[in-house]
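S.K.: Sharing a model that was predicted from the sequence below.
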Amino acid sequence: MKYKSVISITIITFIIFFAFIVGQKLHTQQVKEKDISAWLNQQSLELMSIMENETAKDNADSSLTSTDKVPDYTKMFPDLYTVFDKPERLKKGEKIAYLTFDDGPSENTFKVLDILEEMDIKATFFIVGSAIHEEEEDSLKRMVHEGHTIGIHTYSHLCKEIYCSVERFLEDFNLVYQQIYEITGERVNIYRFPWGSNNRYSKGIKESLMDEMERRGFSCYDWNVSAEDSIGKPTAYSILRNIKKDLKTQDQPIILMHDSSINDLTVKMLPEIIKILEEKGYKFETLDHREPYQFSW
């Protein structure tokens, strides 16, 4: 850059000196003033052209330098891309509930699907890839066939595996992304972080990770209502209490529940949870019909 600046200054100096000499000569030869002015204008245009070319080269060099700084993980997994068409913003006061289930599939997932089919309700399932065994593959096929939405909840669900770097998260994510596609033929476009988007494990890479996932077309969803059915020793009373408590402030609740093998109680309480929501005037929808939502804290 400094070398080019020296060249530019040298060129400018030469042109000015040359213009002075020629001007003197023209003056002694009594050349008309308008001819001198025209000649100098021409030299000015040529000088501007030279400087513009130098600036364009400098900008091109700067652009190349910027491209070189793109993180390597953007080049990983060239087919790990999807498309998410963000739905229209929800109308204020419109009461829509989004039932979501994390950590499946398991034998309980089939029971949840049976209840949802019987009650004509659609839900969203955030799948853990390592939980998909041959006998659970049919549950994913049912989800697609019956109009539910599948989201990704990582392959391993292990904080030390997925949150040590953006690269490791993408490796894990790609495993379950390809797995779901092979089973269902569907390209999943939504996901949920284990422990949510504001967890203590991912804070060192969170911003870079979410930017990269958005660049690849994936949308992230947290929750604003939690049954707390996988914390401590939940009871039927505590599950209903937790949901009712959080519903008081939400017109569009995203309700966090779980359908892993330890969540028998969630399955048992699901019909009553749906009944409570219907009595309060909520309709039901899957998360891909709602704008992306992350914790504000």
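M.R.: Thanks, I have the structure now. Residues are numbered from 1 along each chain as shown.

S.K.: tell me what the top strand by length along the chain is packed against?
M.R.: Longest strand of the chain, by residue count under DSSP state E: strand 96-104. For strand 96-104, the packing partners by 3 or more Cβ pairs under 8 Å, 6 or more residues apart in numbering; DSSP states H and E come out as helix 107-119, strand 124-127, strand 254-258, helix 264-279, strand 283-284. Placement of C-beta: from N, CA and C, glycine included.

S.K.: again, only this time at 6 Å
M.R.: strand 124-127, strand 254-258 (3 or more Cβ pairs under 6 Å, 6 or more residues apart in numbering; DSSP states H and E).

S.K.: ok, how many other residues are close to the closest residue to Ile121 other than its chain neighbours?
M.R.: With sequence-adjacent residues excluded and distances taken as Cβ to Cβ, 6 or more residues apart in numbering, Ile121 is closest to Phe284, at 4.9 Å. Residues lying near Phe284 (other Cβ atoms under 10 Å) number 17.

S.K.: what sits opposite Phe284 in the beta ladder?
M.R.: Ala97 (DSSP bridges).

S.K.: tell me the contacts of it?
M.R.: 97, 121-122 (Cβ atoms under 6 Å, 6 or more residues apart in numbering).

S.K.: from those residues, which is closest to Asp246?
M.R.: Ala97 (11.4 Å; Cβ to Cβ).

S.K.: Enumerate every residue touching the closest one.
M.R.: Contacts for Ala97 (Cβ under 6 Å, 6+ apart) come out as 253, 277, 282, 284.

S.K.: Just the pLDDT at it, thanks.
M.R.: On the pLDDT scale, Ala97 is placed at 98.

S.K.: Pull out the buried residues from stretch 246-261.
M.R.: 246-247, 252-260 (16 or more other Cβ atoms under 10 Å).

S.K.: Max pairwise distance over these: which two?
M.R.: Farthest apart among these by Cβ to Cβ are Gln252 and Ser260. That separation is 25.6 Å.

S.K.: tally of neighbours for Asn108?
M.R.: Neighbours around Asn108, by other Cβ under 10 Å: 23.

S.K.: list the contacts for it?
M.R.: 259, 263, 267.

S.K.: right, and the first one touches Asp102 too?
M.R.: No. With contacts counted by Cβ atoms under 6 Å, Asp259 stays clear of Asp102, the gap being 7.5 Å.
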